[in-house]
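Asks: 3D, please:
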Amino acid sequence: MKDALSFTHRIALLLAAAASLTLAGCGDSQKQQAAPPPPVTVANPIKRTVVDYDEYVGRFVAVNSVEVRARVSGYLEAVHFTDGQLVKQGDLLFTIDKRPFQNVVEQARATLTQAKSNLSFSEADFNRGQQLVRDKTITEQTFEQRSQAFRNAQAAVASGEAALRQAELDIEFTELRAPIAGRIGDRRVSPGNLVTGGAGGTTTMLASIVSIDPIRLEFTFDEASYLRYERSAQAAGTQTPDGQSRSAGLEIALKLIDERDFDHAGRMDFVDNAIDRTSGTIRGRGVFANPKGVFTPGMFARVRVPGSPPYEGLLVPDAAIGTEQVRKFVLTVAPDGTVVPKYVTAGQLTADKLRVIKEGLGPDDQVIVNGLMRARPGAKVTPMKEGQQPVQGAPGAAAPK
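Replies: Model (predicted):
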């Protein structure tokens, strides 16, 4: 009898415990159903004046580049620079042995002196002949001979003077000076070697010089971009009345391969006169200051060119933009708290990580910028303005269904 009562008591206890668990579960379900929608941080798109930019890869070229070659032949006597140094215009670079040319100068001077002496005698003889021919003392033929001798003496003096000037010029050519300012390369010929000068194609190249400051950057762009730049130049009034500037004057910027931002400002100064039929591109050129000489001819860089006039744009944080295959979207909150996806056309990214939105978004839209993992299209959320309540949310968003 006692065992039967104990068994009945245990059964009653188990039933009571099961009922308590069932009631507790119902209470939890009711609490979950009564929980408020998850909070998210929202913000309106930022209005800002922006400009669309295009980026290209270009190569630096020197404004001036000169090959230093000898104008006269002779033995190289001395080199007056260090390989790779900066030189100024007029600096002495090479010296060729002057002694043979000095001898030619002395010979030309002696020949000129002799010609002048003959000229003085011929002139005096000609002057005497003028009076004698009037007095019929000499014949007309004799006078003509004296006149011819006088003219020949004048020509000999002119020839001697020209020969002397050329000889003196050859002496000047034995000192090769820098025709431009810039950086010189290494010497191609050592002292003691015979160098060939003159105007032919067999002249000896001694060194090369490239200008450093300013420097140019050449790049190519397509026909559509060319038309946009032309329109921008016309709108900005940077073209000359005859249209010869061809996008010249557009402010551009560049960065080197080890730099993150376009910190070097310059301007376009030339656009080619024809589009290449093979590639459909046209060559453009920008000029940049290079006071420190960091930019070197042949170096690559990225150049940024303004592709539109300034306009009022809408910007959102780049992290707030999601991707669904090839389409971009942002999650917005409707007035009733419903999450609504909006497909947008994204533009360029600014330096402060804001993305320009060209289409698909209005200035009054409430864009979810934080708490994207808690937002689902069609679900309810509790929108919070920035700073009202910090919301910790992982970046990214679910694709709208």
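Asks: max-length helix in the protein?
Replies: Longest helix in the chain by number of residues (criterion: DSSP state H): helix 99-134.
Asks: which SSE is residue 208 in?
Replies: Secondary structure from DSSP states H and E places residue 208 in strand 205-210.
Asks: what's the average pLDDT for the following helix or strand past the longest helix of the chain?
Replies: Beyond helix 99-134 on the C-terminal side, the first helix or strand identified by DSSP H and E is helix 140-173. The average pLDDT within helix 140-173 is 89.
Asks: Just checking: what are the partner strands of whichever helix or strand comes after helix 140-173?
Replies: Note on helix 140-173: by DSSP H and E, the next helix or strand toward the C-terminus is strand 175-177. Strand 175-177 pairs in its sheet with strand 92-96 (antiparallel), by DSSP bridges.
Asks: Mind listing residues that contact the strand it pairs with?
Replies: 68, 70, 72, 74-81, 87, 173-178, 184, 195, 206-207 (C-beta atoms under 8 Å, 6 or more residues apart in numbering). Bear in mind the C-beta positions are built from the backbone N, C-alpha and C, glycine included.
Asks: what's the longest helix of the chain packed up against?
Replies: helix 140-173 (3 or more C-beta pairs under 8 Å, 6 or more residues apart in numbering; DSSP states H and E).
Asks: quick one: the helix it packs on to strand 92-96, angle?
Replies: 120 degrees (axes from the mean of the first three to the mean of the last three C-alpha atoms, to 10 degrees).
Asks: report the angle between the axes of helix 140-173 and helix 99-134?
Replies: Using the same axes, to 10 degrees, helix 140-173 lies at 160 degrees relative to helix 99-134.
Asks: how about the strand holding residue 208: buried residues?
Replies: 206-210 (16 or more other C-beta atoms under 10 Å).
Asks: Kindly reformat those residues as TSV containing distance to residue 110 and pLDDT.
Replies: Formatted as TSV, these follow (distance: C-beta to C-beta, whole Å; pLDDT from 0 to 100):
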residue	distance to residue 110	pLDDT
206	33	93
207	37	94
208	40	94
209	39	94
210	44	94
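Asks: CSV please, covering these and showing distance to residue 299.
Replies: Output for the buried residues of strand 205-210, formatted as CSV (distance: C-beta to C-beta, whole Å):
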residue, distance to residue 299
206, 25
207, 21
208, 17
209, 17
210, 12
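Asks: Between these, which sits nearest residue 99?
Replies: residue 206 (19.9 Å; C-beta to C-beta).
Asks: Write the PyMOL selection for whichever of the contacts of strand 92-96 are buried.
Replies: Only the buried entries of these go into this PyMOL selection, using 16+ other C-beta under 10 Å:
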select buried, resi 68+70+72+74+76+79+81+87+173+174+176+178+184+195+206+207
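Asks: Need the pLDDT of residue 344.
Replies: At residue 344 the predicted local confidence, pLDDT, stands at 90.
Asks: Tell me how far it lies from residue 152.
Replies: 94 Å (C-beta to C-beta, to the nearest Å).
Asks: the more surrounded of the two?
Replies: It is residue 344, of residue 344 and residue 152, that has more neighbours when counted by other C-beta atoms under 10 Å, with 23 against 14.
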